[in-house]
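**Q** structure for the following, please:
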Amino acid sequence: MRFRFRSTKLQQLYETEAEARRYSPEVADGFFEAMSFIKAAADERDLYALKGFHFEKLKGERGKAGERSLRLNKQWRLIVKIEQDAQGKLILILDIEKHYNE
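**A** As a prediction, the model looks like this:
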């Protein structure tokens, strides 16, 4: 599936592994695994099909805004949004966040 990044920080993490030190190795590895999965997915149905990432719509206002998450580990999530453009659907990579800010 096509994707793009909202921030240059996450784009640099993906392209050059810059800023990887900001995250634990487990979170960084989860990010790269999730990105490989997103890249290989034909559409969002593939994201829902792989249960290990727990792809799900967020609750409340964020869910109403179309935000979803993929689990990187027990505490950290990759926050994304499905968007539409002239070429079809794509994933907007929003952020890496600690779940419930625990």
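**Q** quick check, central residue of the protein?
**A** By C-alpha atoms, centre = their mean, the mean C-alpha position of the chain lies nearest to residue 78, the distance being 3.6 Å.
**Q** in what helix or strand does that residue lie?
**A** strand 76-85 (DSSP states H and E).
**Q** ok, residues contacting the helix or strand just after that strand?
**A** The first helix or strand that comes after strand 76-85 along the chain, using DSSP H and E, is strand 88-98. The contact list for strand 88-98 (C-beta atoms under 8 Å, 6 or more residues apart in numbering) reads 1-7, 10, 14, 23, 27, 31, 35, 38, 43-44, 67, 69, 72, 75-84. Quick note: C-beta positions are derived from backbone N, CA and C, even for glycine.
**Q** among these, which ones are buried?
**A** 1, 5, 10, 14, 23, 27, 31, 35, 38, 44, 67, 69, 72, 76-82 (16 or more other C-beta atoms under 10 Å).
**Q** next up, the contacts around residue 39.
**A** Residue 39 is in contact with 1, 3, counting by C-beta under 8 Å, 6+ apart.
**Q** go again with 7 Å.
**A** Taking C-beta atoms under 7 Å, 6 or more residues apart in numbering, we find residue 39 in contact with residue 1.
**Q** wait, is it part of a strand?
**A** No: the assignment for residue 39, made by DSSP: H, G, I helix; E, B strand; the rest coil, is helix rather than a strand.
**Q** residues near the nearest residue to residue 3 once chain neighbours are set aside, how many?
**A** Spatially, and ignoring its direct neighbours in sequence, residue 3 is nearest to residue 91 (4.2 Å; C-beta to C-beta, 6 or more residues apart in numbering). Residue 91 has 24 neighbours, counted by other C-beta atoms under 10 Å.
**Q** again, but for residue 41
**A** Around residue 41 there are 19 residues (other C-beta under 10 Å).
**Q** where does the closest residue to it other than its chain neighbours land on pLDDT?
**A** Residue nearest to residue 41 in three dimensions, not counting chain neighbours: residue 1, with 4.3 Å by C-beta to C-beta, 6+ apart. Residue 1 carries a pLDDT score of 95 in this model.
**Q** please consider this matter closed, and thank you.
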